[in-house]
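In: pasting the sequence and the predicted coordinates here, then a few questions.
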Amino acid sequence: MGHVSASAQLCTNFTHASVSGSIPVRKRNRLTMRTPLHRCLDGSTSCVELTETLGEWFVRVVTDGRETVQSFELESFAIAYAKGQRMGLGLKAVIRPLTA
């Protein structure tokens, strides 16, 4: 048996569960990770969403299918951040999903 490189072991030992939401892609004998595109509630690939869960405020920013989530303890800080992101992306409104 010959020597097996660390990158070859990584390719053989890779499981989808190890990196949430990522898909392995081979490019020129390298394994790179491609994250699936995230969608907004309205189906678009760019939006700013503001939600509250258990007293914590979350701003979800999706830009061209790439998602970031920022959490805040104060609603006013979350609103200010969401409005700034909305203006930076040139969007019409911040989405506030209805919660039950």
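Out: That came through fine. Residues are numbered from 1 along each chain as shown.

In: quick one: mean pLDDT over the longest helix seen in the chain.
Out: Determined from DSSP state H, the single longest helix within the chain is helix 75-89. Average pLDDT, helix 75-89: 96.

In: start the count at 374, not 1, going forward
Out: Right, with 374 as the first residue, what we last looked at is helix 448-462.

In: all helices for this protein, in order.
Out: 379-386, 448-462.

In: could you count how many residues lie near residue 439?
Out: 12 (other CB atoms under 10 Å). In short, each C-beta sits where N, CA and C put it, glycine included.

In: my guess is it contacts residue 411. True?
Out: Yes. Residue 439 is in contact with residue 411 according to CB atoms under 8 Å; the separation is 6.9 Å.

In: my guess is residue 414 meets residue 468, correct?
Out: Yes. Counting by CB under 8 Å, residue 414 does reach residue 468; the two are 6.0 Å apart.

In: shared neighbours, the two?
Out: Here residue 414 and residue 468 have 420, 422 as joint contacts, going by CB atoms under 8 Å, 6 or more residues apart in numbering.
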